[in-house]
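Participant: got a sequence here, can you model it:
(chains A and B)
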Amino acid sequence: MPRAKPDLGLIPAAPANVRRTQWLLVAVVLAMVALAVFFLLTMNLPSWSRVQTGLERNALPLLRGFVNPEWGVFELASRAMLETLFMAVIGTAIGGLLAFPMAFLAANNLLGSRLLAFPGKTFLVGVRTFPEILFAIIFVAAMGPGPVAGILAMGINSIGFLGKIFSDVVEGIDPGPSEAIRAAGGNDLHVFFYSVVPQVLPEFASYLLYRFEINLRAASILGLVGAGGIGAPLIQRLQFRRWDEISMIMIVIVVVIIVVDTLSSSVRRRLV
Amino acid sequence: MAVPDPVTDSATPLRPTYAVRLLNWSTWAVIAALFVVSVRQTGFSLDGISRGAVDFVRFFGRLAPDWTALPQIWAPLIETLQIAYLATIFGTLLGLPIIFLASRNTTVNGPVMWVARSILTVLRSIPDLLYAAILAPILAPGPLPGVVALTIFTMAVLAKLASETVESVDPGPLEAIQAVGAGRNRMIVYGVLPQISATLTSYVLYIFEINVRASVVIGLVGAGGIGNLLNRYLSFFDYGGLGALIIVVFFVVLAIDQLSVWARSRLI
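Facilitator: Down below sits the predicted model:
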């Protein structure tokens, strides 16, 4: 590309208040850090000696466990992680299936007005606001512990996330194909199946995979509240401070999550 | 994707090739098989869902809020927000240098970048609640393990998100600054930071939203905040208190979320 000759007259003068803006920025950051320090000082923190003994008694065995993990729990951890993976698959599938209709019910352009999309959008915001572990607690309390409670919690929470993103995708489609179908005499159903769905499907699939990655992380901790998966054997061992076994379980979690993340993101790159 | 020109590319097949179609169908087959195996292995059934739904609705009926629990809720709620705030600030401060070590165009050298990225990948693969559960017995139950857990999480997520932004900045200003003899640090301060500051602020706000949600529940594993109270209500079957707590948390999280979403929409 040929470069234009520099015309020094065109270089804009530095804005007059640039210094002031910079100082203001520094002041804001300093104020935020000061507030953080104030919170730390007023918080109910343990004494330093308590932290020190805690580190000596627990952190060292944990680190030693990472170097020399207890292979005795490997089989148990793998089986529990497999269950975790299965839970994430079903949770994501439920979320995706239910988010699919929700996405169209919350899309301004498809419903033709903001007012009609408002109830759908509000519902999605409400579902998204709840942390899924709260749903899991409620399900465990209502229907007993086990993977099904965890799956339902994940499924419901995924509706909020996927419904929001799906409806954003639907609102971003190209109106051209829909108009073309209408011009050729197609009705609303034709428009939906031959213009809207083909345009949104690849992105839906990509976000579904992304949500699967999130759900796998969520599923590995749902067991902490009794909702199945690898969190259950983990919390038992945490209570008894079996650090060598905990490190083995953590290694299994980390490896599986990294492998699934890598696979999923490579598929996502090809999709969109 | 190149759009076929109907005049010159009339021979372009509109149907995908057989290899592509085979790949598509086998992908669907793998997903379907995975789903079937998952349903079998977890004992999941539609019957279970319908029963669960009934129990769920019945349970919600019992959650009629008992507003006399309100005075108990405020103090742990404030602690929850403090944990989220502290973790976001400290995580951002700790994460900032790592962002530049993990970006191709600002790193020191290849091995350093690789090490930084690997550490970030491992740190990010551990869920925040798991950090809290492990740190609670180590650092004594209370807000401290919560702050440390979410700080680690913030640092890892911010560094990952922001390093992608750093790698996509306009290289022009960076070259110009290097051409006049500035070192890497000045290049970052005067060339990269001004380009990424709005996006960076938006990421920090986004992570703050995640941290608020996380800090609500980390108390379940003894890491401070309102989760502790939640646990107590649950174990004493105090459903009225639980209902009030859930409603308060819901509206506080909702308000923070909406505020942050609004601020982010102004930024970019």
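Participant: and the longest helix belonging to chain A, how far out from the chain middle?
Facilitator: As assigned by DSSP state H, the longest helix anywhere in chain A is helix A:74-105. Per C-alpha atoms, centre = their mean, to the nearest Å, the displacement of helix A:74-105 from the mean C-alpha position of its chain is 13 Å.
Participant: okay, buried residues for it please.
Facilitator: For helix A:74-105, a neighbour-count test (16 or more other C-beta atoms under 10 Å in any protein chain shown) marks A:77, A:80-96, A:98-100, A:102-105 as buried. C-betas here are computed from N, CA, C, even on glycine.
Participant: same question for stretch B:41-57.
Facilitator: B:41-42, B:44, B:48-49, B:52, B:55-56.
Participant: other SSEs contacting the helix or strand harbouring residue A:141?
Facilitator: Following DSSP states H and E, one finds residue A:141 within helix A:132-143. Packing contacts for helix A:132-143, counted by 3 or more C-beta pairs under 8 Å, 6 or more residues apart in numbering or on different chains; DSSP states H and E, involve helix A:147-171, helix A:197-222, helix B:46-62, helix B:193-217, helix B:227-235.
Participant: how about the ones you listed, which one is nearest residue B:171?
Facilitator: For those, proximity to residue B:171 was assessed by C-beta to C-beta; helix B:193-217 is nearest, at 10.2 Å.
Participant: does chain A sit close to that closest one?
Facilitator: Yes. Residues of helix B:193-217 are located near chain A by C-beta under 8 Å from any C-beta of the partner chain, namely B:213-214, B:216-217.
Participant: so what's residue A:238 up against?
Facilitator: A:246, B:133-134, B:137 (C-beta atoms under 8 Å, 6 or more residues apart in numbering or on different chains).
Participant: that one: helix or strand, and which one exactly?
Facilitator: Per DSSP H and E, residue A:238 falls inside helix A:231-239.
Participant: same check, this time on residue B:65
Facilitator: Using DSSP H and E, residue B:65 is not contained in any helix or strand.
Participant: would you agree it is in contact with residue B:244?
Facilitator: Yes. Residue B:65 is within contact range of residue B:244, at 3.9 Å (criterion: C-beta atoms under 8 Å).
Participant: neighbour count: the two, which is higher?
Facilitator: Neighbour totals were compared for residue B:65 and residue B:244, and residue B:244 leads with 22 against 17 (other C-beta atoms under 10 Å in any protein chain shown).
Participant: circling back to that earlier point, using TSV, lay out the helices and strands packed on helix A:132-143 together with distance to residue A:137.
Facilitator: Output for the helices and strands packed on helix A:132-143, formatted as TSV (distance: least, C-beta to C-beta, whole Å):
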stretch	distance to residue A:137
helix A:147-171	8
helix A:197-222	10
helix B:46-62	11
helix B:193-217	9
helix B:227-235	7
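Participant: among those helices, which comes closest to residue B:75?
Facilitator: That would be, of the helices and strands packed on helix A:132-143 and by C-beta to C-beta, helix B:227-235, which comes in at 9.0 Å.
Participant: ok, residue A:207 - contacts?
Facilitator: For residue A:207, the contact set (C-beta under 8 Å, 6+ apart) comprises A:162, A:165-166, A:169.
Participant: return the distance of it relative to chain B.
Facilitator: According to C-beta to the nearest C-beta, to the nearest Å, residue A:207 and chain B sit 15 Å apart.
Participant: show me where chain B has helices.
Facilitator: Going by DSSP H, chain B shows helices at B:18-42, B:46-62, B:70-101, B:110-125, B:128-138, B:143-167, B:171-179, B:184-187, B:193-217, B:227-235, B:239-267.
Participant: and those helices, which one's lowest on average pLDDT?
Facilitator: Here the helices of chain B differ in mean pLDDT, and the lowest is helix B:46-62 at a mean of 75.
Participant: if we can go back for a sec, the longest helix of chain A - contacts with which helices or strands?
Facilitator: Going by 3+ C-beta pairs under 8 Å, 6+ apart, helix A:74-105 lies up against helix A:108-111, helix A:114-129, helix A:147-171, helix A:197-222, helix A:231-239, helix A:243-271, helix B:18-42.
Participant: so what's residue B:232 up against?
Facilitator: Counted by C-beta under 8 Å, 6+ apart, residue B:232 has contacts residue B:238.
Participant: related to what we said a few turns ago, buried subset of the residues of helix B:193-217 next to chain A as a ChimeraX selection?
Facilitator: Selection of the buried residues among these in ChimeraX, burial being defined by 16+ other C-beta under 10 Å:
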select /B:213,214,216,217
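Participant: I'd like the residues of helix B:193-217 next to chain A written out as TSV, with distance to residue B:102 added.
Facilitator: TSV is the format used below for these (distance: C-beta to C-beta, whole Å):
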residue	distance to residue B:102
B:213	25
B:214	23
B:216	30
B:217	29
